[in-house]
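Undergrad: I would like to see how this sequence folds:
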Amino acid sequence: MTAYIFLADGFEEIEAITPIDILRRAGIQTVTVSISESLRVVGAHHIAVEADCLFSQCDFAEADALILPGGQPGTTNLGAHQQLLDQLKRHFDAGKLTAAICAAPSILGKLNLLNGKEAICYPGVESALQGATISENKVVKSGNTITAKAAGVAIEFALEVVATLKGNEEVQKIARAIYF
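TA: This next block holds a predicted model:
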């Protein structure tokens with residue numbers, strides 16, 4: 001089982017690092033992908049991380065999940081990367097899990113991947129969730145998408161990804177281990 005988390009300069013650190021940690025605890029191979037030509041990616045709060053690989057080096061054919069953290073200008077940078085957008089559409093069309101948190105669900109909305117689905121995002125970004133019914137929930141699974149409101153629900157978001165990929169028993173195991 002493999003999940004890819006895409007990093008762009010200006011990503012929200014909590015929304016990327018928390019899912020990386022939780023998914024790896026669940027035994028899901030979690031690969032961080034820089035969309036730039038550098039493995040070093042600097043978050044919105046000036047925390048630098050080193051991605052596992054560059055977008056140009058990855059083969060996403062076997063991906064079980066593609067995950068987008070929010071943050072600004074990270075979301076804008078992700079949304080401007082045409083190869084990523086094309087990959088998201090292919091992945092989604094194959095019925096595989098596509099997940100986004102905070103402002104990043106706007107990318108899925110602009111790609112028309114939320115049509116007829118329930119979704120949530122950071123307050124004020126809802127107009128970009130084209131075709132979606134806006135939820136009042138903090139984390140929403142609808143079909144093959146998971147969306148979440150903001151950094152404060154990063155653990156719940158990550159656990160929903162784990163539940164989708166590995167089931168509730170694994171979620172309970174992790175939740176107990178981290179005293180969540």
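Undergrad: Once you drop chain neighbours, what's closest to residue 25?
TA: With CB to CB, 6 or more residues apart in numbering as the measure, residue 174 is the residue that lies nearest to residue 25, at 5.3 Å, once sequence neighbours are left out. Every C-beta, even on glycine, is put in place using the N, C-alpha and C of the backbone.
Undergrad: swap that for residue 101, sorry
TA: Once its chain neighbours are removed from consideration, residue 101 has its nearest residue in residue 148; the separation is 4.1 Å (CB to CB, 6+ apart).
Undergrad: For the one you found, the count of nearby residues, please.
TA: Neighbouring residues of residue 148 were enumerated by other CB atoms under 10 Å; the total is 31.
Undergrad: And the one 10 residues further on, by the same measure?
TA: Look at residue 158: counted by other CB under 10 Å, it has 30 neighbours.
Undergrad: where does it land in three-state SS?
TA: Residue 158 falls in the helix class when you classify it by DSSP: H, G, I helix; E, B strand; the rest coil.
Undergrad: Please determine how far it is located from residue 14.
TA: Taking CB to CB, to the nearest Å as the measure, residue 158 and residue 14 are separated by 10 Å.
Undergrad: One more: residue 98?
TA: Counting by CB to CB, the gap from residue 98 to residue 14 is 20 Å.
Undergrad: same thing with residue 43?
TA: Shown here: residue 43 relative to residue 14, a distance of 9 Å by CB to CB.
Undergrad: can you check residue 122 too?
TA: Summarising the geometry, the distance separating residue 122 from residue 14, computed by CB to CB, is 13 Å.
Undergrad: Same check on residue 26?
TA: Residue 26 sits 18 Å away from residue 14 when distances are taken as CB to CB.
Undergrad: As a check, name the ranges of all strands in the chain.
TA: The residue ranges that make up the strands of the chain, judged by DSSP state E, are 2-7, 29-34, 40-42, 48-50, 53-54, 65-68, 97-101, 118-119, 133-134, 139-142, 145-148.
Undergrad: Against which helices or strands is the fifth one packed?
TA: Contact analysis of strand 53-54 by 3 or more CB pairs under 8 Å, 6 or more residues apart in numbering; DSSP states H and E lists strand 29-34 as its packing neighbours.
Undergrad: Could you double-check that residue 36 sits in contact with residue 6?
TA: No: at 10.8 Å, residue 36 does not count as touching residue 6 under the criterion of CB atoms under 8 Å.
Undergrad: Can you pull the poorly scored residue ranges out of the chain?
TA: Applying pLDDT under 70 to the chain flags no residue at all.
Undergrad: Near the residue nearest to residue 25, how many other residues are there?
TA: Neighbourhood size, residue 174 [other CB under 10 Å]: 21.
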